[in-house]
Every structure is written in structure tokens, then in C-alpha cells.
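> give me a 3D structure for the following:
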Amino acid sequence: MNLLILCYILSSVTFIVGLKMLSGPATARKGNLVAAAGMALAILGTLFLYRDEEGNGLGNLPWISGAMALGAVIGVVAARKVKMTAMPEMVSMFNGMGGLCAALISVVEFDHFRRHSIVVIEGATGTGTMIPVGPLIIILLGMIIGSVSFTGSMIAWGKLNGKIRDRTFRGQHLLSLLILLAIVAVAVCLLFCFAPSQMGVLFYLVFALALLYGVLFVLPVGGADMPVVISLLNSFTGVAAACGGFLYQNMAMLTGGILVGAAGTLLTILMCRAMNRSLVNVLIGSFGGNQAKIAGGTEQRTVKEVSIPDAAVVMGYAGRVLIVPGYGLAVAQAQHACHELEKLLENRGVEVQYAIHPVAGRMPGHMNVLLAEADVPYEKLLEMERANELFPQTDVVLVLGANDVVNPAAKTDPSSPIYGMPVLEVELAKMVIVNKRSMKPGYAGIENALFFSSKTSMLFGDAKKVLQDLVTALKSI
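Residues are numbered from 1 along each chain as shown. As a prediction, the model looks like this:
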């Protein structure tokens, strides 16, 4: 067997095994390393074992090696410096770079296709051309999908870091649809274009339209839906990479692209189910777009505050405490202080667990990663269904920076934009303590009726500082 093919097979196996290991927090780190090792094997095999039909290897190895080294340095530095709160932006940006890479592969291969794959035929009736349609379709798909993923991911990156706001205008969805139809129409014309001199104009017109469509595709999507959009764009990048694998007949690239595309698609579907919304509604609903609506008519009501000593006493003498982490916990980098509070409560005989909503934070698994960073045992992390079963038997729920995922309006207010979204039913507990910096609405742009409940007490302040003060107060009891 060709040694390079064996490298690709082994790499494909590591991708599959690594993806399987990523399904559990206990094995996720090892799974990531396994898949990375497989990718390294595929890259090294391609660099040193590839041979074309004439027996020649890859050229320009110094340029390739230099580019790889530069990319590796940038990646390592960026990964080490990024804060957990900025991880979703980094994921979006890196995903966009993958989409751009796939699109540029198609651009390069289109030029190669025009020079080497179009055959001139001379017959009795004159001269004509024969254009292989199959490879051209793959090139077009890789370019279109990769371009949409690139510009869409860049808009998502801007939205997540606050540089770009949700933008909608009258007729925006109609304009997006017309551009999409134009992309399809021009691409079909390209497939049936028998004048090679015109093919380049049509190809780059499709390229430009696809880039524009990626911007309009993500621009109106509301902030609360960005995790779903990032997951969808991730699947786009995988499909675009798989197209590159088809072009190069590279099994490792093809397998990796298919796995990323399939995993991203499944994750998108699961997240939509977790929010009780269809993907179409996510893409055209502009949910989370800083709406002015205040759910439940709570604007005329007041909140009840609790002091640090009183909150410490309540939790210190409770039988069961459930902690609900949210984006406020991530912003304050308070996961270590939270774990310290958890251990202190357990030393007093209190049962402490964490209730995790599947879309809490800014990307799937955000809260799990934060708590794992603080060495919180995975067994303490409860999925939403299990947590909702325990809330009625819970003495105190401590909500740390969560908002929309604990809003009872999702169950009680049909006019609310989050109505129907499954939420953590913290209002069923005997007492709820909510830590927030202020009464500012969450990502969905609506106020939370939970904050005005008779069971709820507000504990204002930075999550890390509040948790540290709670630890100090508990030690003095």
C-alpha cells in the first residue's frame, strides 16, 4: 500500500476517534490531542511523501514551511492570550479563516482548471470546447460555501466582540434571497459557458456575490442566536473543506471536512431544539436584537436586595444549593472563586451542584469549559432536564450572571420573543439569589420577571468580588 495513503487512513481514524472523545469532558482534552496528532501526520505525509504522476514531490517547500511556522506561532500566541470570555470570537474568526482557505483553494484550482482541463475539439462542423462539469461543480461549491462561511464568520466575530451591531432594514431578507438566486443563476451559466474567455468573469462574479451574501446572511441575526449561527457556519466550513478533499483526492481532508460538516449540522439542530426554535426562525427572526419590549409588564415593580452576610447565612445552613452559571460568571473570570465557594459549602454539609443550560454563554459548552478550568468535577454538572427535576427540592439557587436561560417568560408569556424556549425553572426553588452587575436586560433584550419574584433576592456586583465576599462571610459563620 502507498505509504501516503496509509498516513491518510490513520489520520482519518484519529479524526473519528478524537471527535468521539470530544463528546465527554473527561476525555475531551485527550481527544483534541489525538485529532491534532492525526492532522500533523497528514500534513507531514503530504509534504514529504506526495508524488505526482511524473514522480515529482511538492515544490516551494521553504515557502510552505515558512507559512506553516508563521501560522503556528500566531495560533499558539492567540490561544494562550485569549480570555475565556473571548473564546467564542476566536472560534468564529478561526472558522472564518478555514472558510477563506477553502474558498481560495477553489480560486486557485479554477485557474488550473481553465488552463489544463478544458479540451479544444476540432470537428467537421468547426471548433468547440469540452468542459468537465463535475470538477467545476466541486470548485464552485467549495468557493461559494467557503466564501459565505468566511464573511459570515467575520460578521459573527464583530457581533460577539461588540464591534458590529444587529442591522436590519426593510426588504433585507428579500435582498438576501435575490442575491442567493443570482449566485445560483450565474453559477449555472458558468457551468454551461462554452467560451473559456468569459468563464473568469462569471466565476469572480459568483465569488463577489457569495462574499456579499455571507455578510447579509449573518448581519440581521440577533445576539442571542449567535451560538447557533457559529455552529452552522462551522458546518459550512467543513463542507467547503470536503470539496477541497474531492478536488485533491485527499482522504484525510475529505474525512475531516465531512466530520466537521456533519458535527456542525447536528450541533445546530440540537441547539435549535434546546431553544425550541426552527433554524429558519433563527436566521430570519432577528431574535436578541436589543428589542425594547419588556416581558411580563415588570417595569412597574421593584426588586428585593440581599446583603452578603445574609446570603452567606442562607446558603451556609441550606441542605441543597444549585448554582446556575451564566455569561456574567465568564466575564468576571469567577469560576475559581465559585469552586472555592462550592467546596466551603460542602465542608459544611451542603449538597452543591451546577445547573447548566445548553446555550448558556456565547457558544456550546462555554460553561462546562469554564468550570472544568476550575477543576469542578464533571459529575456536579447537571443537564437542564435533571436540574429542573431538582429545583423543587432545592433550598437555594444561586444565579451567577445568567438571564434569558432562567426567564420564566419563556413559559408564561406568549408575547415574549423567547416564548417556548426551554429554560432552567429556578423559580421552583424555595429561594433564588441572583447576582448581576445591574438590572440591564440580557442578550435577548427583555427584562426578566424572575428578578421581581417574591422568592428572589438580588445580589448586585461583580461576580468574582461577590463570590470572594461570600467565601469570607461563610468562613466567619
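
> hey, let's count contacts and neighbours off CA atoms from now on
Fine.

> what number of residues lie near Ala40?
Counted with other C-alpha atoms under 10 Å, the neighbours of Ala40 add up to 13.

> show residues contacting the host helix or strand of it.
Using DSSP states H and E, Ala40 falls within helix 25-49. Residues outside helix 25-49 that contact it (C-alpha atoms under 8 Å, 6 or more residues apart in numbering): 3-4, 7-8, 10-22, 57-58, 61, 252, 368, 372, 378.

> list the contacts of the spatially closest residue to Asn250 that is not a sequence neighbour.
Nearest residue to Asn250 in three dimensions, chain neighbours excluded: Tyr8, at 7.6 Å (C-alpha to C-alpha, 6 or more residues apart in numbering). The neighbourhood of Tyr8, defined by C-alpha under 8 Å, 6+ apart, consists of Leu41, Ala42, Gly45, Asn250, Met251, Ala252.

> next, format those residues as JSON lines and append pLDDT, distance to Val321 and neighbour count.
What follows is the contacts of Tyr8, written out as JSON lines (pLDDT from 0 to 100; distance: C-alpha to C-alpha, whole Å; neighbours: other C-alpha atoms under 10 Å):
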{"residue": "Leu41", "pLDDT": "94", "distance to Val321": "47", "neighbour count": "19"}
{"residue": "Ala42", "pLDDT": "93", "distance to Val321": "48", "neighbour count": "24"}
{"residue": "Gly45", "pLDDT": "91", "distance to Val321": "53", "neighbour count": "18"}
{"residue": "Asn250", "pLDDT": "88", "distance to Val321": "53", "neighbour count": "17"}
{"residue": "Met251", "pLDDT": "87", "distance to Val321": "50", "neighbour count": "19"}
{"residue": "Ala252", "pLDDT": "89", "distance to Val321": "48", "neighbour count": "26"}
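
> I'd like to know how many residues surround the closest residue in space to Ser438 that isn't next to it in sequence.
What sits nearest to Ser438 in space, not counting adjacent residues and going by C-alpha to C-alpha, 6+ apart, is Phe460, at 6.4 Å. Neighbours of Phe460 under the rule other C-alpha under 10 Å: 17.

> what are the ranges of the strands in the stretch 201-350 of the chain?
320-325 (DSSP state E, counting those that start in this stretch).

> show me where it has helices.
226-248, 251-274, 279-285, 308-316, 327-331, 335-347 (DSSP state H, counting those that start in this stretch).

> can you say which of the ones you listed is nearest to Asp52?
Proximity to Asp52 (C-alpha to C-alpha) singles out helix 226-248 among the helices of the stretch 201-350 of the chain, at 11.3 Å.

> quick one: the closest one to chain centroid distance?
12 Å (C-alpha atoms, centre = their mean, to the nearest Å).

> Phe460 and Gly319, how far apart?
Applying C-alpha to C-alpha, to the nearest Å, the value for Phe460 to Gly319 is 24 Å.

> whoops, I mixed them up, Leu381
On the measure of C-alpha to C-alpha, Leu381 and Gly319 end up 18 Å apart.

> neighbour count: the two, which is higher?
Taking neighbours as other C-alpha under 10 Å, Leu381 and Gly319 compare with Leu381 leading, 22 against 18.

> gap between Tyr378 and Ile356?
11 Å.

> so which of these two has more stuff around it?
Ile356 (25 against 15).

> hmm, the more buried one is touching Met367, no?
Yes. With contact defined as C-alpha atoms under 8 Å, Ile356 reaches Met367; the gap is 7.1 Å.

> closest to Leu209 out of the contacts of Tyr8?
Closest to Leu209, out of all of these and judged by C-alpha to C-alpha, is Asn250, at 28.5 Å.

> I'd like to know how far the closest one sits from Gly244.
Taken as C-alpha to C-alpha, the span from Asn250 to Gly244 is 8 Å.

> again, but for Asn32
23 Å.

> next: Ser11.
Taken as C-alpha to C-alpha, the span from Ser11 to Gly244 is 16 Å.

> do the same with Glu425
The value you get for Glu425 to Gly244, if C-alpha to C-alpha is used, is 46 Å.

> of the two, who's got more company?
Neighbours were counted for Glu425 and for Gly244 using other C-alpha under 10 Å; Gly244 has more, 26 against 21.

> tell me the phi and psi of Val397?
Phi and psi for Val397, reported as degrees, to the nearest 10, are phi -110, psi 130.

> I'd like the distance between it and Arg320.
Relative to Arg320, and taking C-alpha to C-alpha, Val397 is found at 9 Å.

> of the two, who's got more company?
Each of Val397 and Arg320 has its neighbours counted (other C-alpha under 10 Å); Val397 has more, 27 against 21.

> excluding chain neighbours, what is closest to Leu216?
Using C-alpha to C-alpha, 6+ apart and skipping the chain neighbours, the partner closest in space to Leu216 is Ser176 (6.2 Å).

> what about the one you found, how many residues nearby?
Ser176: 17 neighbours (other C-alpha under 10 Å).

> just the element for it, please.
Under the criterion of DSSP H and E, Ser176 resides in helix 172-191.
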